[in-house]
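Novice: What follows is a predicted structure for the sequence shown.
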Amino acid sequence: MKRTLLLYSIFLAFSAFLLEWLEYKYFIRAIPTELYIFLLAAAFMALGLWIGAQLTSGSRDGDFRVNEAPASALGLTLREREVLSLIAEGQSNKEIARSLGVSPNTVKTHLANLYSKLNVTKRTQAVRKAQSLSLIP
């Protein structure tokens, strides 16, 4: 990050120096202002794309590992974790029941337990909280 900022500041200093040099040589009066504006905008766009690529190029590890500490601290059962991951996939209660081979009422019970343990009231809140605790990817 420091390297990126250093390169950015060097580029800006060089650009300011170049513009001043061009003004001293009266080159600025021979070329239309619109061309300078275009060149400056193109340079900043290229610089922005380069910095964006540098900042977002971090490789992401494809292997997700469940953080067991919050799962055990909250007292989540294996079945509740399965229900939570199926919720994150966007499945309805009936679809979850079919996937797990249980009744929809059992799924509702698991959901009520999850909401209580995670201290949330909605499915989306449960998914967000589980993701922030690294319980689901």
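Specialist: The structure has been received and is ready for your questions.
Novice: For the protein, which segments count as strands?
Specialist: Shown for the chain, no strands are assigned by DSSP state E.
Novice: Any idea which residue is closest to the centre of it?
Specialist: Closest residue to the average C-alpha location of the chain: Thr56 at 9.7 Å, with Cα atoms, centre = their mean.
Novice: who's in contact with that residue?
Specialist: Counting by Cβ atoms under 8 Å, 6 or more residues apart in numbering, Thr56 touches no other residue. For every residue, glycine as well, the C-beta is placed using N, CA and C.
Novice: roughly how far apart are it and Leu49?
Specialist: The gap separating Thr56 from Leu49 is 11 Å, by Cβ to Cβ, to the nearest Å.
Novice: Contacts only, for the nearest residue to Asn119 once chain neighbours are set aside.
Specialist: The shortest distance from Asn119 to any residue other than its chain neighbours is 7.8 Å, reached at Lys129 (Cβ to Cβ, 6 or more residues apart in numbering). Lys129 makes contact with Leu118, Asn119, Val120, according to Cβ under 8 Å, 6+ apart.
Novice: and the residue lying closest to the last one once chain neighbours are set aside, how many neighbours?
Specialist: The spatial neighbour of Val120 that comes closest, neighbours along the chain excluded (Cβ to Cβ, 6+ apart), is Ala126 at 4.8 Å. For Ala126, the number of neighbouring residues by other Cβ atoms under 10 Å comes to 23.
Novice: quick one: the helices in this structure?
Specialist: Taking DSSP state H as the criterion, the chain contains helices spanning 2-24, 33-56, 68-74, 78-88, 93-100, 104-118, 123-132.
Novice: Pick the most buried one from the ones you listed.
Specialist: helix 78-88 (a mean of 18; mean count of other Cβ atoms under 10 Å).
Novice: C-alpha coordinates for that one, CSV please?
Specialist: What follows is helix 78-88, C-alpha atoms only, in CSV (Å, rounded to 0.1, in the frame of the first residue of the first chain):
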residue,chain,number,x,y,z
LEU,A,78,-24.5,-29.5,13.3
ARG,A,79,-28.1,-29.5,12.1
GLU,A,80,-28.5,-25.8,12.8
ARG,A,81,-25.3,-25.1,10.9
GLU,A,82,-26.7,-27.1,8.0
VAL,A,83,-29.9,-25.1,8.1
LEU,A,84,-27.9,-21.9,8.2
SER,A,85,-25.9,-22.8,5.2
LEU,A,86,-29.0,-23.7,3.2
ILE,A,87,-30.6,-20.4,4.2
ALA,A,88,-27.5,-18.7,2.8
